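Undergrad: Sequence first, predicted model second:
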Amino acid sequence: MFSSIFGQNSPFPNQDLLISDDVNLRSIDIHNISRSYQMPYAKLGEQFMISFDDLDADKKNYYYSVEHYSSDWEKSDIFDNDYIEGYNEGEITKFAFSFNALQPFTHYSFVFPNYGMKVLVSGNYLLKVYLDDDEEPCFVRRLVIYEDIITIGAKVDRAVIVNKRDTEQQISLVLNHKNLNIDNPAVEVDVNILQNNTWDNAIYGLQYQYIGQNTLIYNHNDKSNFTAGNYFYYFDTKTIQVAGLFTDYITLDDIYNTFLYTNQPRANLPYSTQQDFNGGFVIRSVDGGDTNTDGDYSRVHFSLKTIDTFHKSSIYVYGAFNDWRFEEENRLKYNKRKDVFETEILLKQGYFDYKYVVLDNDGEFHPDLISGSFYQTENNYTIFVYYRSMSSRFDRVVGFYQIRSEELF
């Protein structure tokens, strides 16, 4: 049912968690109910809505469970009842069959935490959805549940180092912990920083540089840098029968086929600003009453104009819609007749950001080789502060903050 992700060479620290989704499960979506948009983070006491479609279009008995993890995504050495009040397994009982869709499916959804499964402590959590055995999950997703105990001040700047100023952004932090007694910050406190909600290129275990009265200061010149990247490509299929943004044309056979315009590499082009969703996606249809059941699927055809240097590499379509993964379905194949790299991915109606990333023959990951990296690019940064006291056995998330680089450029 599941396997390790094809060709995965992510910097993500625990490769064992990089598990492929069941191929019949699509449109896996997690969002914070209180925030009303896609975000796999919640304050302790808030809830997530998790939903997905099963293309078998029948009724199955799906279950879910969660596990507590450390700041570097190793399983915490604690028992279920240390972090969950109730029984740490729930059955997904809410489902609905598709209506008037050419691609039949069953839509499942559930809320977590809930009255039968209350979260007791903050931290990193791994959500598993499975049929019979949680050791053989149909899919897994990473969640973060946090507390607002530490106050965070953050700033995004153009990189200080001369040879990185045109391509990188630098994050500076100040943590105020007057509400939390920290005896040994070098041991008890870690900071993780994510760019555009992507764990692959996250900064893990960042340590403070200076210490003040109830403050920790992070003002590194290189350790907290990210390549700035470029704006994402995107397309819109909210109306599936009419060509939307960046759609060339649509055909119909057994289901709809959405052919996007061929993308051009942008690494050597001048930077130009464009609005995007920082790699995110939204499942939405304006063709029916309820996107959950009325939204249809189409085969979305991606294509990228080739240049010679790409022929010895693997190119992937990359975004939140596929959980930033390197799967065989997302890998582009060379079409000699058209002289393009191309692939097709079955996607539900909505709005999708994506980019093309490269794995070379040595397995090195190049996120910006095709799109380029420009310091002016607007990015979203998420900061987590982890705390483990000298007497504790697990990491709590005691600080959470988000900042957009557009506020500074």
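TA: The structure has been received and is ready for your questions.

Undergrad: Please name the bridge partners of residue 189.
TA: residue 387 (DSSP bridges).

Undergrad: what sits against it?
TA: Residue 189 sits next to 175, 182, 208, 216, 385, 386, 387 when contact means Cβ atoms under 8 Å, 6 or more residues apart in numbering. Backbone N, C-alpha and C define where each C-beta goes, glycine included.

Undergrad: Name all residues that make contact with the last one.
TA: Spelled out, it's residue 387. Contacts of residue 387 by Cβ under 8 Å, 6+ apart are 149, 150, 180, 182, 188, 189, 395, 396, 397, 398.

Undergrad: go again using 6 Å as the cut-off
TA: 188, 189, 396, 398 (Cβ atoms under 6 Å, 6 or more residues apart in numbering).

Undergrad: returning to that earlier point: which of the contacts of residue 189 sits closest to residue 54?
TA: Top of the list for closeness to residue 54, among the contacts of residue 189 and by Cβ to Cβ, is residue 386 at 35.3 Å.

Undergrad: Now, of the contacts of residue 387, which are buried?
TA: Buried members of the contacts of residue 387, scored by 16 or more other Cβ atoms under 10 Å, are 188, 189, 396, 398.

Undergrad: possible to save these as TSV with pLDDT and distance to residue 74?
TA: Listed next are the buried ones among the contacts of residue 387 as TSV, based on pLDDT from 0 to 100; distance: Cβ to Cβ, whole Å:
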residue	pLDDT	distance to residue 74
188	97	17
189	97	17
396	98	15
398	98	19
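
Undergrad: could I get those residues as JSON lines with distance to residue 62?
TA: Shown next, in JSON lines, are the buried ones among the contacts of residue 387 (distance: Cβ to Cβ, whole Å):
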{"residue": "188", "distance to residue 62": "39"}
{"residue": "189", "distance to residue 62": "38"}
{"residue": "396", "distance to residue 62": "30"}
{"residue": "398", "distance to residue 62": "33"}
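
Undergrad: Just give me the closest of these to residue 136.
TA: residue 396 (30.0 Å).

Undergrad: residues near the residue nearest to that closest one when sequence neighbours are not counted, how many?
TA: Leaving aside its chain neighbours, residue 396 sits nearest to residue 122 (4.7 Å; criterion: Cβ to Cβ, 6 or more residues apart in numbering). Residue 122 has 27 neighbouring residues, counting by other Cβ atoms under 10 Å.

Undergrad: mind checking which helix or strand of the protein has the lowest mean pLDDT?
TA: strand 365-366 (a mean of 86; mean pLDDT, DSSP states H and E).

Undergrad: Listing partners with orientation, what would you give for that one?
TA: Under the rule (DSSP bridges), strand 365-366 has strand 350-360 (antiparallel) as partners.

Undergrad: Specify which member of the contacts of residue 387 is nearest to residue 357.
TA: residue 189 (32.0 Å).

Undergrad: For residue 219, see how far away the closest one is.
TA: Look at residue 189 and residue 219: by Cβ to Cβ, to the nearest Å, they are 16 Å apart.

Undergrad: and what of residue 294?
TA: With Cβ to Cβ as the criterion, residue 294 and residue 219 are 51 Å apart.

Undergrad: Helices of this structure, start to end?
TA: 80-83, 185-188, 291-294 (DSSP state H).

Undergrad: out of those, deepest packed?
TA: Highest mean neighbour count among those (mean count of other Cβ atoms under 10 Å): helix 291-294, with a mean of 19.

Undergrad: can you give me how far that one is from the chain middle?
TA: 23 Å (Cα atoms, centre = their mean, to the nearest Å).

Undergrad: Low-confidence stretches in the stretch 301-409 of the chain?
TA: 309, 407-409 (pLDDT under 70).

Undergrad: need the strands for it, in chain order.
TA: With strands called from DSSP state E, counting those that start in this stretch, the stretch 301-409 of the chain shows them at 313-318, 333-335, 340-348, 350-360, 365-366, 380-387, 396-404.

Undergrad: How about the stretch 51-200 of the chain?
TA: 63-69, 84-86, 90-91, 94-97, 106-112, 117-119, 123-130, 139-146, 151-158, 168-176, 189-195, 198-206.

Undergrad: would TSV of those strands with distance to residue 320 be doable?
TA: Converted to TSV, the strands of the stretch 51-200 of the chain look like this (distance: least, Cβ to Cβ, whole Å):
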stretch	distance to residue 320
strand 63-69	20
strand 84-86	27
strand 90-91	25
strand 94-97	24
strand 106-112	18
strand 117-119	23
strand 123-130	16
strand 139-146	11
strand 151-158	21
strand 168-176	20
strand 189-195	12
strand 198-206	8
